[in-house]
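>>> Sequence plus predicted model, see below.
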Amino acid sequence: MIPSFLKEKETVSQARPSNRRNFNFVDRTAKNMAAFMLTSMRQWNASRRAGLLQGLDARVKVVFVIVYIILVSLTHKVEFQLMLSGLFFLLFLASKINPLSVYLKITGLAFFFGFIVFIPATLNLFAPGEIIFLIAQFEKERTWLVYHIPKEIGVTREGLLLVARISLKVFNSISLTFLLTSTTGFEQILKALKMLKVPDIFLLTLSLSYQYIFIFSQTILETYQALKMRWWERGARAETNAILSGRMGYLFRKSWEKYDQVYHSMVARGYTGEISLYHPGALRLRDYLFLSIAALLFTACLFFFL
Amino acid sequence: MRAIFELNEIGFQYTDTQKALSGINLTVREGEILSVVGSNGSGKSTLLHLMCGLIYPTEGSIAYKGMEFQEKSFKKAAFNREFRSSIGFVFQNSDAQLFCPTVFDELIFGPLQLGYPKDLAVERANEVVQMLHLQGYTDRPSYMLSSGEKKRVAIGAVLATNPEVLIFDEPMSGLDPKTRSFIIDLIFELNQIGKTIIVATHHLDLVDYLKSRVVVLSERHTIEKMGSSDEILSDTDLLIKANLIAEFSHRHNGTVHKHLSLGFLSHKHEQIRKKN
């Protein structure tokens, strides 16, 4: 029954053709998938800690985030944006979220979308003002079509303030989003959207999509681990392409099967074309308390800083 | 017998709060069968993934044939080739494991990886087809197969590379009795020709059949006990503690009985109350 080759010790060929495709992508994909699942798990864990925001109803947090994002965009004073940053930092601490890891991400995003994107605005080419750092000097100013090149080009005080203001606004808006997603499960956020009159069928579709991303990430991770176990050499391009297209087909088929199963499960439980999700009941005292404090602060900010 | 794997104070955490394994000290010797048992979520699969170098410990160290390995060890082509060709892993989910267009492609993939000329690789794949009774399926895509057939193809795909160590993750899950019995016989035969076998399972009947050395993982993700299968399976308190068996009551001929959910242990029918 057992073939003779299994009874002998395998000698692995040491020489393989070198003009083959490198398989670092197997590692990279597996790592990315694992990282996605890890992030989701960390987020889920964080949303279940006994912190200030975790104890609140998701609807309260969604309202808080929306209203404060409006407040952040309405106000132009740098001191005010700094004050809000301080408030959000305190909320992270009160919600037992590790500020180091979360602020690294927030700062990175704010640096790119706030600072890098708007850095040309520091020049007097876009925002006229008092030059504090001279970059270039010409003999005379020039105008070409709608473009005006001044005699001196440099970084202006007004431009710097503008970029600081925008960067802080981006920083605060991202902080608010992180406050919500770090302290609230994705499903709770979806349910809270009902308050904004989002239809149940749309919420259910979003929820299913998120679940499938998670389930399929697991499948993709397992697939790549299996590849890693049996594919330790470089592969020929045709071989590689055949395997990858096969895997894509497999995922498509799995998605289709899952879709069928979910539909049948819904029909078996009485689905006739209309979806009605369960939504949480009344808010608790602490929710009202938090909303009241947030509303008071919001009004005070409008009164003093606008 | 020399040590194939040596695990020293191994710990693994997925996140700060999700511990999967803690303080694992274990040696797997060449030519032995080792069963790793534990309830769902006890860390069996994580332990196997660590041994296969698919994930890396967050605490402690792990060595393969005396060579300690970490993630960076696999960047060295020689180690990677030696390790990956010596360790065969049969995943729990055969669907994820099978990635080639047809069954025959799956079986020939390994020999071609080993650098065999095409005719020898075909010969080897055909031998695996015979051994696992896969005649008639070779030109089919794996998704057209039943669970039992997929499992046999997954095992065949691994065996075609002739690894020294075979690691099975829950080999019995979702299989019919005939396929289960076939796999048990196969594991025995492979062990008899010198293969080292590691099996993770929560099916105690498999442990009983294999008569192997057994490691019991607790729900606290530590090693609860190690011993022979007879020693472990006769320790009812241990099995209950590790959530491998449970006491339950049911109706039988008009009488309510209670006994352990373990078929091969003495089936005590203790009468607790008569049916009205």
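On my side now, so go ahead. Numbering: from 1, shown residues only, chains lettered A, B, ... in the order given.
>>> Give the buried residues for stretch A:94-106.
By neighbour count on 16 or more other C-beta atoms under 10 Å in any protein chain shown, the buried set for stretch A:94-106 is A:95, A:97, A:102-103, A:106. Heads up, the C-betas are built off the backbone N, CA and C, glycines and all.
>>> Quick check: the residue of chain B nearest chain A.
In chain B, the residue found nearest to chain A is residue B:115; the distance is 2.7 Å by C-beta to the nearest C-beta.
>>> How many residues are close by that residue?
Applying other C-beta atoms under 10 Å in any protein chain shown, we find 16 residues neighbouring residue B:115.
>>> got the residues of chain A near chain B?
Residues of chain A lying close to chain B by C-beta under 8 Å from any C-beta of the partner chain are A:1-10, A:12-16, A:30, A:34, A:38, A:41-42, A:45, A:219, A:222-223, A:225-233, A:242-243, A:246-247, A:250, A:253-254.
>>> before we move on, what SS does the nearest residue to residue B:206 once chain neighbours are set aside have?
In space, and not counting its chain neighbours, residue B:206 is closest to residue B:172: 5.6 Å by C-beta to C-beta, 6 or more residues apart in numbering or on different chains. The three-state assignment at residue B:172 reads coil, by DSSP: H, G, I helix; E, B strand; the rest coil.
>>> Residue B:175 now?
Assigned with three-state DSSP, residue B:175 falls in the coil class.
>>> Sketch out the low-pLDDT regions of the stretch 151-276 of chain B for me.
B:261-276 (pLDDT under 70).
>>> Going along the chain, name the strands of it.
With DSSP state E, counting those that start in this stretch as the criterion, the stretch 151-276 of chain B has strands at B:165-169, B:196-201, B:213-217, B:223-228, B:247-252, B:255-260, B:270-274.
>>> cool, the stretch 151-300 of chain A as well?
For the stretch 151-300 of chain A, applying DSSP E, counting those that start in this stretch gives strands covering A:152-156.
>>> which bits of the stretch 1-150 of chain B sit near chain A?
B:14-18, B:49, B:52, B:54-55, B:80-82, B:84-89, B:91, B:93, B:95-101, B:109-110, B:113-116, B:124, B:127-128, B:130-131, B:143.
>>> Among those, which ones are in helices?
Using DSSP state H, the subset of these located in helices is B:49, B:80-82, B:84-86, B:95-97, B:109-110, B:113, B:124, B:127-128, B:130-131.
>>> In PyMOL, how would I select the buried members of those residues?
Only the buried members of those enter the following PyMOL selection, criterion being 16+ other C-beta under 10 Å:
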select buried, chain B and resi 49+80+81+82+84+85+86+95+96+97+109+110+113+124+127+128+131
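>>> can I assume residue B:67 is in contact with residue B:76?
No. Judged on C-beta atoms under 8 Å, residue B:67 makes no contact with residue B:76 at a distance of 10.4 Å.
>>> In terms of residue numbering, what are the domains of the chain?
If you meant another chain, say so; for now it's chain A. A:22-47+A:185-236, A:50-184 (automatic domain parsing).
>>> Please refer instead to chain B.
If you go by automatic domain parsing, chain B breaks into B:3-245, B:247-276.
>>> Since that was my last question, I'll sign off now.
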